[in-house]
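A.B. asks: Pasted the sequence and its predicted model underneath.
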Amino acid sequence: MSATKTAPTHEGGPTTAILEMRDCGKSYGNIQALRGVSMSVRQGKVTCVLGDNGAGKSTLIKIMAGLHDYNAGEMYVNGEERHFSSPRESLGSGIATVYQDLALAPLMSVWRNFFLGNEVKKGLFGMDIATMKRVCGEELTKMGIVIPDLDRPIGSLSGGQKQCIAIARAIYFGAKVIILDEPTAALGVKQSGVVLKYIMKARDAGLGVVFITHNPHHAYLVGNHFVILKLGRVVLDAHRDEVSLDELTEEMAGGKELADLSHELRAADPGKVVDPSTVEHGSIDAPTVDLPKVRD
Ligand SMILES: Nc1ncnc2c1ncn2[C@@H]1O[C@H](COP(=O)(O)OP(=O)(O)OP(=O)(O)O)[C@@H](O)[C@H]1O
């Protein structure tokens, strides 16, 4: 654990970021997974980190979550420079990470998973089951999550419901920052919409939310700030009022790369004109669920 330096004052913003990376770099042997990455996570804001495969998103999460240390630059948490040596340290600093596979115990009940690792004790060896069930029910209700039977194995719930429970759990146990690793990646349109709503609830509860995604439509529905990573570097860093959904989509789809590809293809086959905007970018479905407008 280290708490040596304090963060320099952030230009243009009176509030200190809860979490801030400055020129962060990470290499695995001779593979440079991240270089010169700067970004900040602020209270009550959703910071979206977008990037294609291999962009460095997982590496970034692992640094914030205490699974890997960075080897260049600085990371500040609540204004103090930190190098986490374990996930416990990251969690102890108020950073909760919800992974895509959720790390839940599928055969255990909803309430048991809600309290997993934080059980309410009763007597010397017992657990206060009644309290845990009651609190779990109350917390899920507060978030508007309706699970009629909390004794159900969590594995029987939908992917969206599980994500929402993981978010509610992080809020209840006092997280200041919640990192969501592609929470909508494996979900259909409707369920993605539900998860996006809970992302906004986490934001409204005052957490700094880091939303990792491939999907610019999902990001734009809830994001206050957008960071696009490409091959380990930040290629776009913009507030909501500085970037449109079209620009975000274009950047994610590799607008320049597609234009270059189109030129190459045209050069190889001059008779055939390829319009980059017609090239299939993969599924970027936008949920149709009504979401409140994002404030900045
Ligand atoms: N443990 C590791 N050892 C060596 N190289 C790694 C390791 N983890 C990641 N990398 C490399 O670092 C780069 C960034 O990978 P990372 O997994 O962070 O990207 P990503 O954006 O999460 O990609 P994806 O969306 O495919 O998971 C890639 O080139 C990857 O091969």
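C.D. replies: Perfect, I can see it now. Residues are numbered from 1 along each chain as shown.
A.B. asks: Near the ligand, which residues of the protein are found?
C.D. replies: Applying C-beta under 6 Å from any ligand atom, we find that the chain lies next to the ligand at 28, 31, 33, 51, 53, 54, 55, 56, 57, 58, 59. C-beta: built from backbone N, CA, C; applies to glycine.
A.B. asks: Are any of those buried, and if so which?
C.D. replies: 33, 51, 55, 56, 57, 58, 59 (16 or more other C-beta atoms under 10 Å).
A.B. asks: Take those residues and keep only those in helices.
C.D. replies: 57, 58, 59 (DSSP state H).
A.B. asks: Contacts only, for the second one.
C.D. replies: By C-beta atoms under 8 Å, 6 or more residues apart in numbering, the contact set of residue 58 is residue 181.
A.B. asks: now the strands for this protein?
C.D. replies: 19-28, 31-41, 46-51, 72-77, 80-81, 95-98, 121-122, 126-127, 177-181, 208-213, 225-230, 233-239 (DSSP state E).
A.B. asks: Export those strands as CSV, with columns for mean pLDDT.
C.D. replies: Formatted as CSV, the strands of the chain follow (pLDDT from 0 to 100):
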stretch, mean pLDDT
strand 19-28, 94
strand 31-41, 94
strand 46-51, 94
strand 72-77, 94
strand 80-81, 91
strand 95-98, 90
strand 121-122, 84
strand 126-127, 84
strand 177-181, 93
strand 208-213, 94
strand 225-230, 94
strand 233-239, 93
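A.B. asks: Residue 142: which of the ones you listed is closest?
C.D. replies: Residue 142 lies closest to strand 177-181 among these, at 15.8 Å (C-beta to C-beta).
A.B. asks: what sits up against that closest one?
C.D. replies: For strand 177-181, the surrounding residues in contact (C-beta under 8 Å, 6+ apart) are 18-19, 41, 57-58, 61, 64-65, 94-100, 163, 167, 170-171, 199, 202, 207-212.
A.B. asks: can you pull the contacts of residue 169?
C.D. replies: Here residue 169 is in contact with 113, 114, 139 (criterion: C-beta under 8 Å, 6+ apart).
A.B. asks: Could you measure from it over to residue 111?
C.D. replies: 11 Å (C-beta to C-beta, to the nearest Å).
A.B. asks: one step back: what would the strands of the chain look like in JSON lines with distance to residue 105?
C.D. replies: Shown next, in JSON lines, are the strands of the chain (distance: least, C-beta to C-beta, whole Å):
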{"stretch": "strand 19-28", "distance to residue 105": "28"}
{"stretch": "strand 31-41", "distance to residue 105": "29"}
{"stretch": "strand 46-51", "distance to residue 105": "28"}
{"stretch": "strand 72-77", "distance to residue 105": "29"}
{"stretch": "strand 80-81", "distance to residue 105": "34"}
{"stretch": "strand 95-98", "distance to residue 105": "15"}
{"stretch": "strand 121-122", "distance to residue 105": "19"}
{"stretch": "strand 126-127", "distance to residue 105": "14"}
{"stretch": "strand 177-181", "distance to residue 105": "19"}
{"stretch": "strand 208-213", "distance to residue 105": "24"}
{"stretch": "strand 225-230", "distance to residue 105": "32"}
{"stretch": "strand 233-239", "distance to residue 105": "37"}
